[in-house]
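S.K.: how does the following fold in three dimensions:
(2 chains)
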2 protein chains.
Amino acid sequence: MRVGPGLWPRLRAVQVYGANTNVGKTLVSTLLVKAARERRNWRTWYLKPVSTGPLDEADNSHIARHAPTVPSRTLFQFRTPVSPHLAVRLESTSLGDAPILSGVHAELTRYAAAGPGFALVETAGGVLSPAPSGSLQADVYRPLRLPVLLVADHALGGIATSISAFESLHVRGYDVTSVVLIQDEEYRNAEYLTEYFADRGIATTGIPPPPARLPDSNSDAESLGKYYEQVSASPAIDGVLQGIEDEHEARLARLGTMAEEAHKSIWYPFTQHQGRKAEDILVIDSAYGDDFAALTPTAAPSLLQPTFDGSASWWTQGLGHGSPALSLAAAHAAGRYGHVMFAGAVHEPALALAQLLLTHHANPRLSRVFYTDNGSAGMEVAVKMGLRAACARYGWDHTAKKVEILGLKGGYHGDTMGVMDAAEPSTYNARVEWYTPRGYWFEFPQVKMRDGKWVVESPAGLEGIFGPPREFGSLGEVFELQTRDASAYEKYITATLKDLRDQSRTFGALVLEPVVLGAGGMYFADPLFQHALINTIRRNPTLISATAPPPTSDPEDWTGLPIIFDEIFTGLYRLGHFNTSALLQAEPDIIANAKLLTGGLVPLCTTAASESIFEAFLSADKASALLHGHSYTAHAVGCAVAVESVKMLMGLERTWGGYREDWGGGKVWSMWSRGFVEQVSRLKRVDYAAAMGSVFVVALKDEEGAGYNSNASADVQRRLMEGTGGYRIHNRVLGNVLYLMASETSTPDTLAEVQRCLLEALEA
Amino acid sequence: MRVGPGLWPRLRAVQVYGANTNVGKTLVSTLLVKAARERRNWRTWYLKPVSTGPLDEADNSHIARHAPTVPSRTLFQFRTPVSPHLAVRLESTSLGDAPILSGVHAELTRYAAAGPGFALVETAGGVLSPAPSGSLQADVYRPLRLPVLLVADHALGGIATSISAFESLHVRGYDVTSVVLIQDEEYRNAEYLTEYFADRGIATTGIPPPPARLPDSNSDAESLGKYYEQVSASPAIDGVLQGIEDEHEARLARLGTMAEEAHKSIWYPFTQHQGRKAEDILVIDSAYGDDFAALTPTAAPSLLQPTFDGSASWWTQGLGHGSPALSLAAAHAAGRYGHVMFAGAVHEPALALAQLLLTHHANPRLSRVFYTDNGSAGMEVAVKMGLRAACARYGWDHTAKKVEILGLKGGYHGDTMGVMDAAEPSTYNARVEWYTPRGYWFEFPQVKMRDGKWVVESPAGLEGIFGPPREFGSLGEVFELQTRDASAYEKYITATLKDLRDQSRTFGALVLEPVVLGAGGMYFADPLFQHALINTIRRNPTLISATAPPPTSDPEDWTGLPIIFDEIFTGLYRLGHFNTSALLQAEPDIIANAKLLTGGLVPLCTTAASESIFEAFLSADKASALLHGHSYTAHAVGCAVAVESVKMLMGLERTWGGYREDWGGGKVWSMWSRGFVEQVSRLKRVDYAAAMGSVFVVALKDEEGAGYNSNASADVQRRLMEGTGGYRIHNRVLGNVLYLMASETSTPDTLAEVQRCLLEALEA
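M.R.: Numbers count the residues shown, from 1 in each chain, chains lettered A, B, ... in the order given. Next up, the predicted model:
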């Protein structure tokens, strides 16, 4: 059972965090569980996941003494009274985060099964105190995302520590729903904090200070006992419980109505609304790591189920949802800059990102970075760049001559109209009133695994030219371009370009999604074909323009046509490499990156280009500049997050050794297991499968040509969402093609579970 | 002198924050200033801006005793030993944030003038302890953005408080450059924190604990004195000073090379690079409130000067740069979700934002919100929506008939190619190879202040139809549409539409920037003309299609044509109102919002539409859906920031009373003073001026028709950037039109200073 978010309709569960140690966490917890049990008559549980110090001083012993009717439990106890990360070391033991998390989840699940009740989970130390593993405690418990009761700090300086503690919870995506603190007449922190948190919609409750400690332990216990009796019966404590109940009910109500309200007010992207019902909408409470915490009203016991984000949130996710590192990077840039206008200005994150990308693309052609807000806009810029450079070199007047692009059938570069025009006529653009196809799109051979074998297949109708399907011993062999014969491809490409030239068609750029064509249908293109296409154009500029100069030997200049790589989907390790140049053995003149660029957080796109393309826009005329620019161009938040993301992604390379080995240790590999891909490809209803990097694709057999309208995968998709073994898989399909995309941080364990689910769904 | 960021080349200045009170801030400060003065022989200053407690116990007295050669000063001392916000109350006094900030700035400026040196500014309490005003201390000092030395907490629980304190500084945009803490053998916080901060590139230094307090005060002082002598001479303390020096030099070096590096690697938006030099690039260290902290190598004494963000960072800024509220909203959403795929899913921020906008637009036509990443894409969606609805109702086949849009000359809707096609041919699109104008664009009369009088002027050549310029007693009168005669406009519009119909041209939407046309030239359109245009189309559907049904009485349905308001620039209080409907007395069928939507932080756009337009996309055919959607559609960070921004903007309404009164108290008003606008309009070189909301425009006299290529305003722009009185104004021009845009939070004081600067620059 995968441990995910916790929300049980009948169990009001809160997690108690302290703004510091010694702020009265256990005192407040005791008052609350006592009042819940004795005054409200709630079935009540007290849980301490990790505790350090002598057993008889443990917090659950304290509960047992002062609220004896409340069952209390400590999951992991260490005797040394220091921070847990030191205690494990001193006791020569260790404890990972997972057992703590699953222990708490299991306990709460058990409580919830017992009927309506209240559970209080008390943390150790302050919000960010280290867990036994050394991880910060608030990170360890984050997948549960229990509502938080923060015990604020009543001491001198406690305003500062309380607000900082709140902020640390807040940036980790917790909802702090109530604040409680001991009243102190001198420092009056309660007064200040009440106002402060009220502005943020959070109720603060002050409680009377406990009695002074007495030297005699019996008298002390008695005096404290009286305090508990009295204060637990107070309206203040009852108010806190009422607040917890209200928040719980409000959260349930909100989650329960969100789908209906969204159904009325949201116009969804890429969604035919006819026939859709409110209940078709996935309500996402939050997300963490690989998983959505998604509402599952029919599931028992927790309303929220961990649901694998099988589309990597539209291919953006690479570092796991809810990464505190990305959250803090975003917040730092927001706090340092907000957004600052970028025309003619520079700020550190924008410069750092440009330099980072130029350095690691390690492509001598690339020298300049242009920023836009998303892949679609970034590809429009790429096309504008390419066309201008070609028109300038070849002396074409675009007002007199239609200048088009060359591409591949099934390519897709975004939804704004300019890049729609760069894609062949298809379902996606047929109904767009202003769609005007401006290109020639080549058929191309595809790489597929059929019945456990890698094959390269010609497109229908071109078998006569490209030959019958060719088998390969491994996916790696397909990419051994030097050992393969490209002559049939080159001949075909040359002939086609000649034909086009004879028809007086004019082309200003070659626009490719390298290796895998994404939105068009997750086609794995034969890399040799893309390689041959690029080389044929570069070696034969006169195929493009009769007056073209011969190929340049300048490694930084373009020749033939500007070659544009749309690596928005395929770049930045989606296919296991920083970029696809090593796979295709060809380097672009222009490259666009987005999606993984910000690790799955905010939109941002970079279009990098060569100096010679940049120079095509230089002129004494202001208006000859690249007159493109969005208000939020190079927004600091996006750039800062991207710098952090790219560095984190690069740092992951060392974690992929096991995956690589599974695929033979070569440059072509996948996070999806080779055995799994083979097994899927052999299933009866499967047409073919394929995988590379974090991408896995399975095409289901379908009536010929249903394409985007196909429903072949609908039942599989439904079964995956229903889930097996407590785990659900959310995924997206492209017609009959179902794909799964891992994060670059996904672990073999997680993927094994996903693979198991998919096999069950496909075989059902 | 406006107080801005502090960076003096010869003054190594650090601000010491404590992770809590009693963590040894003064101890560490004493060691550092002592070592700096006595060991490194640096000219050294100690500054305590705000202190509470008896004078003889004040921190500067401590410095005077233990580092007697270091000048020490407390700016504001309160005797009651509690938090400053309580002390002022108990002492029946008050102290705002500004005097503290300017006091520190003035002191540091004085130190910097004395020659190379080191200044240490010690804060009070913890990072977020309240200042005397009640503001959080870290917010008060933020405009200076001094590098921070964080004194971490060595006590039990101190790992948590130290990291939380760090995070509170981090989300406010501070650079924490070093961490120092007392070594404690039991809790070993230094060990953990050293590793933690090293991962973040920050050096941590442990120092020996001070001697135990002695009962006799002389012996105690002596014992502490020995400690200081010994430890201040230690390599550890020397290392901290070296770190401060290295960071200082690195920051100077980085700032010094950024322009050159950006010049080599960045391709700027809307920028003709030819002839531009590295030194033309504005290096922005950070930003706060209304100002950039911009590098000014020639300025004395601080390298960074406060520079008014006169374009409101391309019209996005409304809540001040570096708002901690927006930073935390962004971080919370990042921590809670990251990004979650939006097709068929819903999360709270997206739903909350849609509902917030629909509620406050209070336009019965609007019922659905579609999300995109920026205004350009959002307007493409608006056009796709409008065209489809019109084609569906009128039975037009877009493959057989060119369906265009109606608009105004000078309109501009973004840089992606689809919306470029929705703008008349102009400088912006002339060189875009795929630009294809698809519309008819009306001439329109403009509102201008000439020589202190508001006039409405006909476009050149149409005086015969619209009449000579008409004067108005106030801008408000121009907007009293009911009392004005629209018949000439209506007649002209009707005749034009008939002509177009006779030419068999087909139009699918009316696309308007209401009230002010932004990027095209900041034109203030006569609202009566826009009103008449909308009404004429709505009342006479047969002008659009001979077979059109008569106007509907359904207030939620469109009639004639879908009316699209591009309020990306003009909406959300940019012109003083939530939307422009009250100004134009007309409500759109589709409206796009962006820019201010996220308060100036990250890109996001909403396109809201009516149910009847939504229904035009319903079909049994999947592919008839609005097949548009970006990967980061409705990204949680943007939606959460937008919810916060919109609420904050709405909350500002109550602060604008003074501005409104200045303009007569009516619905039309500006943050720019009425007297200033009049004065500018009377200047010799000024053609006209105009202002509304936070927008101010001045058109300079120019040779006829230079337009976008005009250099008429270049000298004014240069003078503004050179600055007067220590304040510089960064601004953008559109040809001969220079504009200034305030944030919605800008204060009258700030704007008065900006106005003074502009008048000086215009009169020079």
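S.K.: need the pLDDT of the spatially most distant residue from the centre of chain A.
M.R.: Largest separation from the mean C-alpha position in chain A: A:Asp216, at 56.9 Å (Cα atoms, centre = their mean). For A:Asp216, the model assigns a pLDDT of 92.
S.K.: next: the one 3 residues further on.
M.R.: Per-residue pLDDT puts A:Ser219 at 92.
S.K.: ok, now A:Gly707?
M.R.: Model confidence at A:Gly707, expressed as pLDDT, equals 63.
S.K.: so which strand or helix has the closest residue to chain B within the stretch 601-750 of chain A?
M.R.: At 2.5 Å from chain B, A:Gly629 is the closest residue in the stretch 601-750 of chain A, using Cβ to the nearest Cβ. Glycine gets a C-beta too; all of them are placed from N, C-alpha and C. According to DSSP states H and E, A:Gly629 maps onto no helix or strand at all.
S.K.: and it, what are its phi and psi?
M.R.: Note on A:Gly629: backbone dihedrals following degrees, to the nearest 10 are phi 170, psi 130.
S.K.: residues contacting it?
M.R.: Neighbour list for A:Gly629: A:Phe342, A:Ala343, B:Tyr268, B:Pro269, B:Phe270, B:Trp314, B:Asp415 [criterion: Cβ atoms under 8 Å, 6 or more residues apart in numbering or on different chains].
S.K.: wait, the last one sits on B:Ser376?
M.R.: Yes: counting by Cβ atoms under 8 Å, B:Asp415 does reach B:Ser376; the two are 5.5 Å apart.
S.K.: who has more neighbours out of those two?
M.R.: Taking other Cβ atoms under 10 Å in any protein chain shown, B:Asp415 and B:Ser376 do not tie; B:Ser376 has more neighbours (34 against 29).
S.K.: look up how far B:Val737 lies from the more buried one.
M.R.: Applying Cβ to Cβ, to the nearest Å, the value for B:Ser376 to B:Val737 is 21 Å.
S.K.: start to end distance for stretch A:509-524?
M.R.: Stretch A:509-524 stretches 22 Å from its first residue to its last (Cα to Cα, to the nearest Å).
S.K.: that stretch vs chain B: in contact?
M.R.: No: against chain B, stretch A:509-524 shows no contacts by Cβ under 8 Å from any Cβ of the partner chain, the least distance being 9.9 Å.
S.K.: average pLDDT for that stretch?
M.R.: Stretch A:509-524 shows an average pLDDT of 96 in the prediction.
S.K.: what residues does the stretch 1-150 of chain A put near chain B?
M.R.: A:18, A:20-22, A:82-83, A:85-86, A:125-130, A:134, A:136-137, A:142, A:145.
S.K.: helices - which of the residues you listed land there?
M.R.: The helices, defined by DSSP state H, take in A:His85, A:Leu86, A:Gln137 from these.
S.K.: and the second one, what does it touch?
M.R.: It stands for A:Leu86. A:Thr80, B:Tyr187, B:Arg188.
S.K.: can you flag the buried ones in those residues?
M.R.: Burial by neighbour count, 16 or more other Cβ atoms under 10 Å in any protein chain shown: within the contacts of A:Leu86 this picks out B:Tyr187, B:Arg188.
S.K.: quick check: pLDDT value at the residue in the stretch 201-350 of chain A that chain B sits nearest to.
M.R.: The minimum distance from the stretch 201-350 of chain A to chain B, using Cβ to the nearest Cβ, falls at A:Pro269 (2.5 Å). Reading off the confidence values, A:Pro269 has pLDDT 96.
S.K.: dump the ones in helices among the residues of the stretch 1-150 of chain A next to chain B into CSV; add distance to B:Asp291 as well.
M.R.: Supplementary listing: those in CSV, determined by distance: Cβ to Cβ, whole Å:
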residue, distance to B:Asp291
A:His85, 43
A:Leu86, 46
A:Gln137, 39
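S.K.: using a markdown table, lay out these together with pLDDT.
M.R.: Putting these into a markdown table (pLDDT from 0 to 100) gives the following:
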| residue | pLDDT |
| --- | --- |
| A:His85 | 95 |
| A:Leu86 | 94 |
| A:Gln137 | 97 |
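S.K.: return the member of those residues nearest to A:Ala331.
M.R.: Nearest to A:Ala331, judged by Cβ to Cβ, of those is A:Gln137 at 20.0 Å.
S.K.: got a list of what the closest one touches?
M.R.: Applying Cβ under 8 Å, 6+ apart, one finds that A:Gln137 lies in contact with A:Thr123, A:Ala124, A:Gly125, A:Val127, A:Leu128, A:Ser129, A:Pro130, A:Ala131, B:Ala160.
S.K.: hmm, 6 Å instead?
M.R.: A:Thr123, A:Ser129, A:Ala131 (Cβ atoms under 6 Å, 6 or more residues apart in numbering or on different chains).
S.K.: doesn't A:Ala640 fall inside a helix?
M.R.: Yes: membership of A:Ala640 in a helix is supported by DSSP: H, G, I helix; E, B strand; the rest coil.
S.K.: correct me, but it touches A:Ala333?
M.R.: Yes: contact status for A:Ala640 versus A:Ala333: in contact at 3.5 Å, counting by Cβ atoms under 6 Å.
S.K.: of these two, who's got more company?
M.R.: A:Ala333 (31 against 27).
S.K.: go ahead and list the helix or strand containing the more buried one.
M.R.: Using DSSP H and E, A:Ala333 falls in helix A:324-336.
S.K.: what pairs with the helix or strand just after that helix, and is each one parallel or antiparallel?
M.R.: Using DSSP H and E, the helix or strand that follows helix A:324-336 towards the C-terminus is strand A:345-346. Next to strand A:345-346 in the sheet, as set by DSSP bridges, lie strand B:282-288 (parallel).
S.K.: state the mean pLDDT of the strand it pairs with.
M.R.: 97.
S.K.: measure the nearest residue to A:Leu11 once chain neighbours are set aside to A:His105 for me?
M.R.: Of all residues not flanking A:Leu11 in the chain, A:Ala112 sits nearest, at 4.1 Å (Cβ to Cβ, 6 or more residues apart in numbering or on different chains). Look at A:Ala112 and A:His105: by Cβ to Cβ, they are 10 Å apart.
S.K.: what do you get for A:Lys34?
M.R.: 25 Å.
S.K.: the more surrounded of those two?
M.R.: Set side by side, A:Lys34 and A:His105 show more neighbours around A:Lys34, with 24 against 19, by other Cβ under 10 Å.
S.K.: quick one: secondary structure of the more buried one?
M.R.: Under three-state DSSP, A:Lys34 comes out as helix.
S.K.: repeat that for A:Ile591.
M.R.: strand.
S.K.: I figured it hits A:Phe565, correct?
M.R.: Yes: here A:Ile591 reaches A:Phe565: they are 4.6 Å apart, a contact under Cβ under 6 Å.
S.K.: which neighbours do A:Ala640 and A:Ala333 share?
M.R.: Residues touching both A:Ala640 and A:Ala333 by Cβ under 6 Å, 6+ apart: A:Pro349.
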